[in-house]
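Student: I would like the atomic coordinates for the input below:
(2 chains)
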Amino acid sequence: MISQKKLIVSHAPFLHCGRSITEKSYHTLLAALPAAIAGFFFFGMPAVGVVSLSISSAILWELLFNTISRRKVTIGDGDAALIGLLFAMLLPATMPWYAVIVGTFVAIFIGKQIFGGIGGNSFSPVMVAMAILMVSWTDMFDFEGMLVAYQFDFSALYPLATLKHLGPEAASQFNCLDLLIGQQVGGIGATCGLALILGGIYLILRGFIRWEISISFLAGIIVTAYLFHVTDSQQYAGPMIHLLSGYTLIAAFFLATEDSSSPVNMTPMLLYGALGGVMTVLIRNIGSYVDGVVFAILFINCISPLLDKIRPKAIGKVV
Amino acid sequence: MNGKSLFGLIPPKIVYPPIANALTSIKAVSPPKRATFLIEDTIDSEENMAFKVGDAVKTGQKLALYEGATSYAISSITGKIVNISEYPGDFGKKYIAVIVDGAAKEEADTQFKEAATETTLQTAIDFLSALPGAPDFSLFGEENHGIHTLVVIGADKDLLMATNQYVTTTRAEALKGGIALIKKITGIDNAVVVVPKDQIQNYGSIGASVKAVEQSYPSALPQLIIKDVMGTVVPANKEITELGYCLFSAEAVAAIGTAMETQTLPTTKLITVIGKDGSPSMVEANIGTPIRSVLAACGETVGEKDRLILGGPMTGATIFSDEHPVCPSTDAIMVQDKDDVALVSDYPCINCGDCIRVCPVNIPINLLVRFLEAGAYEDAAMLYDLQACIECGLCSYVCVSKIPIFQYIRLGKYELSRVQAAEATND
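Tutor: I've put the predicted structure just below:
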C-alpha cells in the first residue's frame, strides 16, 4: 500500500482565518495615521521629522537587536514601526533628535526585546520609553516651553498644565469642540481627538483591539473626574477636559490596548481599563505630574496578570 | 462560512454552511477490484488466526482476526485474501490490513442471516459494530452498562460535511427501524434525534424526540450536544458513555435498520467528498475501496504535496497515501491543494485573546499554550484545564501567531495518557 506520491501530513485544523500579526500591526498603523497627519498639519515639518526619525530608528534598533541576538529578523511584522509611530505621537514636535533615538532604544531594547520580543513584554514598550524619558528630561515634556516658537491660531497653553497650575477657572477657556478637532497644544499625534476616536472605532470594529479596555478606560476617566468635580468644583475640572486633552484618547485606543501587557478575559479587561482611567485622573488631580496617563498605564500593566486570574471556570473542569 | 458580524464587537462566528439541501444527487462508486479492510488488532500468533492468505471471502462476511475478538471488519466484496499485514494508525493505534482481491462472481455470506432470525443484543455486538457509521455496540457488552439514552446524531460535527444530514433527509424509514431495533435489544426507552436547526421541521414520527443544534460551529461536537441539547455537562475526566448516553451517527442507525429489514449487512458507506474548491459532493462507496478510486469517481485529482484529509477541515486527520481504504467511520474525505495548506509558525503568543473568546469551554488558552510549548503537560492539566478541551480546533483557526495550539493540546493529552498508563502498570 505504498504509493510514490508524497502528501503533506499535518494536524487539524486545516483552515486558518488568515489573520496575522503583520496584518494587525499595519492596520493599527493605518488607524493611528490620521491623528499623526493632523499633527503634521498643526505642527508642520518638525513633526514629520520626529515621526520619521522615531519610526526608522525603532525599526533599526529592532534590526540591531535581531542581529546581535542572532534571532530571526522580525522587523517585517510591523510591530517596531508601530512602537515608533505611537512613541512619536506622544512627543512635542520640537523634540531633539537624540531624545527620539534614545526613546526608541528604550522602547525596543528595554521595553520589548529583553523580555523576549513581541508577546513577552509585561509593560507597554511605548510607555516604558515615555516614563524613562519623562523622568530623565522633564523639560522636554513641557509642551508650552517646547512649542514656544510656534504661532498658533489657538491658545498656546497646554490644557492640562493650565488646569494643574491655574485651576478649572482658567481651563474653562478651552472649548470642547476645539479640543476635539485638535486646536490644542500637545503631543504630535495626541491632540486631534476626532482622528483618534475614528481610528479607535475602526480598530474596534475590525476586532484588532478589545472594546472593553477602551470603553472602560474612558468610563473610568469620566466617572472619576466627575466625582472630583462634584466634590469640589472650584478645585477640580469636569470630565470633558480630562477626556479631550493630554494623552487620554490615544491611551484609550492605542496604548492601554497593547496586547501582551493587557488582560484577555472580560471582567479583567473592564477592571483593567477602568482602573487605568481612575489612576489617570487621580495622578492628574492630586499627583504631581501634569498628565497621569503614562504612569497609570504602567501601573495597570503591572497588575494585568493578577487581574487575569479572574476567569470563568472551564466547562467540564474537574476540581 | 466565516460569518463575521457587521459590528466587530460580537466575535465572528463560523457557521455550518447549509449544504445538505444542495446535495440532492449521489454518486455511486463501483465496487473495487481490490479492497482493504482495517481491523484494530495486532497479530499475536499466526497459527490461531481465523483466516489466512489464500482464504476465500464472501460479501458480508465477518472478518475477525481471532475467534471471539471484539474488533472486526465486514467484507464488502467477494474474493480471496491476498495479504494480511500490520498498518499503523494515528496516536500509536495498530491495525491489521486485510487485502482482498475481488472475484468475478459475487456471493453473499449467510452467517448474519442465520444469526438475525432472532435478534438479540449479542447479534448486534457480533455483527453490527462494523456497519457504516461504526456504531460501538461493545458499550452494551457488560450487564450493567448504565446507558439510559440513545442519541442519534443527525448533524455533522465538522464543517462542509453532510453525510448524516443526508441520511436523516433521505433514509427516514431505515432510521426509524434502526431506532426501534436498538430500543428493543438494549432496553433503552429514551431516544433523541439531534438535527441542525434549519432542518427540524422535516420530521414526523420517527420513534424518538427530535431536538435541534445551533448552526454555529462547533455546536455539533459530541460534548456540546450532550451539554446544550441534553443539558448535562460532560466532566473532563469522564467519557460520554459513562454519563449514560450512547451516541450513534444517523448513518449507523439507518444501517442497523436496513440490516434488520433485509437481513444482510450494508457494506456501502456514504461519504461527503470535499473538493479542492471546497465544494462538497455526496458519494456512496464500498467499505474498503481505496480513497484514490473514490476521488477519481468525483473527478478530484491528488497531486504531489497536496493534503488528503479523512473527516472535516477542523477535526479531521491527514493520511499519507491515497491507497488508504474507506473505513466504517470515514464520513468525509477532503482534498486540499498544496497552495491552500495553512501553515503554522514558531511566533510566540502575543496575548491577543482571540482564542479565549472563541473557546467553547472557557479554557485559558493563552496561558495553557505557554505550558504546552515548554512541555509542562502535568501543570497544564492541573492549572490550566488541558483535559477540558473538546477538540474543536478553533484556537488554532483564529491564532494570529499561527501557533499550532490544537496540535500542542492533543500532544499534551496523549503524553499525559502515556504517563498515566505507565504509572498504572508500575503500581
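Student: pretty sure A:L194 contacts A:L180?
Tutor: Yes: using Cβ atoms under 8 Å, A:L194 is in contact with A:L180, at 5.4 Å. For glycine as for every other residue, the C-beta is placed from the backbone atoms N, C-alpha and C.
Student: neighbour count winner among these two?
Tutor: Remark: of A:L194 and A:L180, A:L180 carries more neighbours, 21 against 17, as counted by other Cβ atoms under 10 Å in any protein chain shown.
Student: Pull up the gap between that one and chain B, please.
Tutor: 23 Å (Cβ to the nearest Cβ, to the nearest Å).
Student: tell me the pLDDT at the residue nearest to that residue when sequence neighbours are not counted?
Tutor: Spatial nearest neighbour of A:L180, excluding adjacent residues (Cβ to Cβ, 6 or more residues apart in numbering or on different chains): A:G193 at 4.6 Å. Among the per-residue scores, A:G193 shows a pLDDT of 95.
Student: wait, what's in contact with A:G193?
Tutor: Shown in contact with A:G193 (Cβ atoms under 8 Å, 6 or more residues apart in numbering or on different chains): A:L179, A:L180, A:I181, A:G182, A:L244, A:L249.
Student: same thing with A:P305?
Tutor: A:P305 neighbours (Cβ under 8 Å, 6+ apart): A:S122, A:P263.
Student: cool, and B:F51?
Tutor: B:V57, B:L63, B:I81, B:I84, B:V98.
Student: Got the confidence number for the first one?
Tutor: In the prediction, the pLDDT value recorded for B:V57 is 92.
Student: Let me see the backbone angles for it.
Tutor: Here is the backbone geometry of B:V57 (degrees, to the nearest 10): phi -130, psi 140.
Student: now swap in the second one and tell me
Tutor: Backbone dihedrals for B:L63, given as degrees, to the nearest 10, come out at phi -110, psi 100.
Student: My guess is it contacts B:F37. True?
Tutor: Yes: B:L63 is within contact range of B:F37, at 5.9 Å (criterion: Cβ under 8 Å).
Student: which residues touch the residue of chain B found nearest chain A?
Tutor: Relative to chain A, the nearest point of chain B is B:G353 (3.0 Å; Cβ to the nearest Cβ). When contacts are counted by Cβ under 8 Å, 6+ apart, B:G353 is found next to A:R210, A:D259, A:P263, A:V264, A:N265, B:N366.
Student: Could you count how many residues lie near the second one?
Tutor: This means A:D259. 24.
Student: B:D337 too?
Tutor: Residues near B:D337, counting by other Cβ under 10 Å, number 15.
Student: For it, which non-adjacent residue is spatially closest?
Tutor: Looking at B:D337 with Cβ to Cβ, 6+ apart, the closest residue is B:K276, at 4.7 Å.
Student: can you pull the contacts of that neighbour?
Tutor: B:E300, B:D306, B:V335, B:Q336, B:D337, B:D340.
Student: Show the buried residues in those residues.
Tutor: The neighbour-count test (16 or more other Cβ atoms under 10 Å in any protein chain shown) marks B:E300, B:D306, B:V335, B:Q336 as buried among the contacts of B:K276.
Student: which residues touch residue 278?
Tutor: Answering for chain A, as no chain was given. Counting by Cβ under 8 Å, 6+ apart, A:V278 makes contact with A:G220, A:I221, A:V223, A:T224.
Student: not what I meant, chain B
Tutor: Per Cβ under 8 Å, 6+ apart, neighbours of B:G278: B:L160.
Student: Over to A:A12?
Tutor: B:I309, B:G311, B:P313, B:M314, B:T315, B:G316, B:A317, B:G393, B:S396, B:F406.
Student: switch to 7 Å and redo it
Tutor: B:M314, B:T315, B:G316, B:A317, B:G393, B:F406 (Cβ atoms under 7 Å, 6 or more residues apart in numbering or on different chains).
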